[in-house]
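Enquirer: Mind folding the following:
(one chain, ligands or ions: 1)
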Amino acid sequence: MRVVLSGGGTGGHIYPAVAIARQCEAENPDSTFLYIGGTRGLESKLVPQENIPFQSIDITGFRRKLSLDNVKTVMRFLKGVRTAKKMLKEFKPDVVIGTGGYVCGPVVYAAAKLGIPSVIHEQNAIPGLTNKFLTRYVDTVAVSFEGSEKAFSGAKRVVYTGNPRATTVAQASRDRGFATLGVPMDSRVVLVVGGSRGAKAINKAMVDMAPMLAKLEDVHVVYVTGDSYFDETREAIRSSLGTMPNHLHVLPYVYNMPEVLACTSLIVNRAGASFLAEITSLGIPSILIPSPNVTNNHQEANARTLEGGGASLTMLEKDLTGQALYKAIAGIMNDEAARKRMAEASRKLGKPDAAEVLVSEIRRLAAGR
Ligand SMILES: CC(=O)N[C@H]1[C@@H](OP(=O)(O)OP(=O)(O)OC[C@H]2O[C@@H](n3ccc(=O)[nH]c3=O)[C@H](O)[C@@H]2O)O[C@H](CO)[C@@H](O)[C@@H]1O
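Expert: Model (predicted):
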């Protein structure tokens, strides 16, 4: 099968596309791929590292307010469609898959216009702008939440698949997670992350909380700042504590996140949909701090779903302080029964076979059925 993948901007749109490629390969090692991403998104760095052939087009997103920039965006979109058509005619895919983010707009639209079977995968319960626009052009919309089908009125076909990244993490090695972190096997690990790009508010709370962490017994705190905040955050912690404690591991980014998640006891995070699919696939309890700066406040909706199921605590950014975060972490890590109950509830919300379900839909389309 010849497959074009497109999605980007942030990790939450890129990794599901990579997970689809891995599942296609596992089922048929002769599968060939082309990933079409944006010139400026995180995908231009991550996809080549995954050894998936990568080509880029120049594209920006729409602003919600009327502005001159939107005129330029329309021009770039049309140019993007022309470029994508050329790439597709050359690669001759059996199927084209978009996983959200601006860049998949022109690529999936071009595929539909050329009559190539196409699919979009939506990670959130509320669709993003690009996927909403593409809904009426594609053959299938694959959704991550059961019941979110109704958000895609006008689609030819909507299928509940879950998020394919759930399958990747379900297969990851826990031992390799401990080994790459350099902590003893079976340590209790609390992982703190601010989505795929880091989050200033979480970084500030972590700096304030750092002196309290020594009170958590037998716990390793792995704290991922995001590339662009790494130096300043690490320095702030060092200067507040005078040293970097052994049980605190500050990292800019984690490239083998599935393995690190596999050895995590509790996660503190934003509430991006791909991350949530991953942590429920593994049954990890969580404290979620939804980003207040996303379309339709969809991260709070994501977080409330997990909280409602008993898998998570939601902490709104306006209530986030070092003290409040420490209290929430200690409350869960010092109460093993509560942590286990949350873990069980988290696992109940997971869908670890998502990639298989989605790839079987992709095969059906590629075979022209
Ligand atoms: C600000 C914004 O618009 N965020 C959106 C974006 O979030 P974002 O890109 O942050 O997405 P998620 O939090 O859902 O996923 C992040 C992905 O990056 C990976 N990862 C992250 C950090 C790291 O160090 N290493 C690593 O590999 C995670 O394992 C995960 O696969 O896409 C999500 C869709 O999925 C949306 O729900 C989010 O609202």
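Enquirer: Please count neighbours and contacts with C-alpha atoms only from this point.
Expert: Noted.
Enquirer: Just the strands from the stretch 1-150 of the chain, written as ranges.
Expert: Along the stretch 1-150 of the chain, counting by DSSP state E, counting those that start in this stretch, strands occupy 2-6, 32-38, 54-57, 95-98, 118-122, 140-143.
Enquirer: Let's have the ones you listed in TSV, adding distance to D175 and mean neighbour count.
Expert: Output for the strands of the stretch 1-150 of the chain, formatted as TSV (distance: least, Cα to Cα, whole Å; neighbours: other Cα atoms under 10 Å):
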stretch	distance to D175	mean neighbour count
strand 2-6	31	25
strand 32-38	30	23
strand 54-57	31	20
strand 95-98	33	29
strand 118-122	31	28
strand 140-143	32	25
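Enquirer: Quick one, which of these gets closest to the ligand.
Expert: Closest to the ligand of the strands of the stretch 1-150 of the chain is strand 118-122 (Cα to the nearest ligand atom; 7.9 Å).
Enquirer: Any residue of that closest one touching the ligand?
Expert: No: counting by Cα under 6 Å from any ligand atom, the ligand has no neighbours in strand 118-122; the shortest distance is 7.9 Å.
Enquirer: partners of that strand in the sheet?
Expert: Here strand 118-122 is paired, per DSSP bridges, with strand 95-98 (parallel), strand 140-143 (parallel).
Enquirer: The last one near the ligand at all?
Expert: No: in terms of Cα under 6 Å from any ligand atom, no part of strand 140-143 sits within range of the ligand; the closest distance is 11.7 Å.
Enquirer: now swap in stretch 349-357 and tell me
Expert: No: figure legend: stretch 349-357 not in contact with the ligand (Cα under 6 Å from any ligand atom); closest approach 13.6 Å.
Enquirer: swap in stretch 309-321?
Expert: No: using Cα under 6 Å from any ligand atom, stretch 309-321 never reaches the ligand; the gap is at least 13.7 Å.
Enquirer: Please save the CA atoms from that stretch in CSV.
Expert: Presented in CSV, the C-alpha positions along stretch 309-321 are these (Å, rounded to 0.1, in the frame of the first residue of the first chain):
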residue,chain,number,x,y,z
GLY,A,309,-14.5,8.7,34.8
GLY,A,310,-12.5,8.9,38.1
ALA,A,311,-9.2,8.7,36.2
SER,A,312,-7.9,12.2,36.8
LEU,A,313,-8.0,15.5,38.8
THR,A,314,-8.5,18.7,36.9
MET,A,315,-6.6,21.8,38.0
LEU,A,316,-7.5,25.0,36.1
GLU,A,317,-4.5,27.2,35.2
LYS,A,318,-6.0,30.1,37.3
ASP,A,319,-5.7,27.8,40.4
LEU,A,320,-2.2,26.5,39.6
THR,A,321,0.5,27.3,42.1
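Enquirer: what's that stretch in contact with?
Expert: Here stretch 309-321 makes contact (Cα atoms under 8 Å, 6 or more residues apart in numbering) with 201-202, 205, 208, 284-292, 303-304, 306-307, 341-346, 349.
Enquirer: Which among these count as buried?
Expert: The neighbour count (16 or more other Cα atoms under 10 Å) marks 202, 205, 208, 284-291, 303-304, 306-307, 342-346, 349 as buried among those.
Enquirer: Tell me where the longest helix sits in the chain.
Expert: helix 68-91 (DSSP state H).
Enquirer: I'd like to know which elements that one is packed against.
Expert: On a contact count with 3 or more Cα pairs under 8 Å, 6 or more residues apart in numbering; DSSP states H and E, helix 68-91 meets strand 54-57, helix 104-113.
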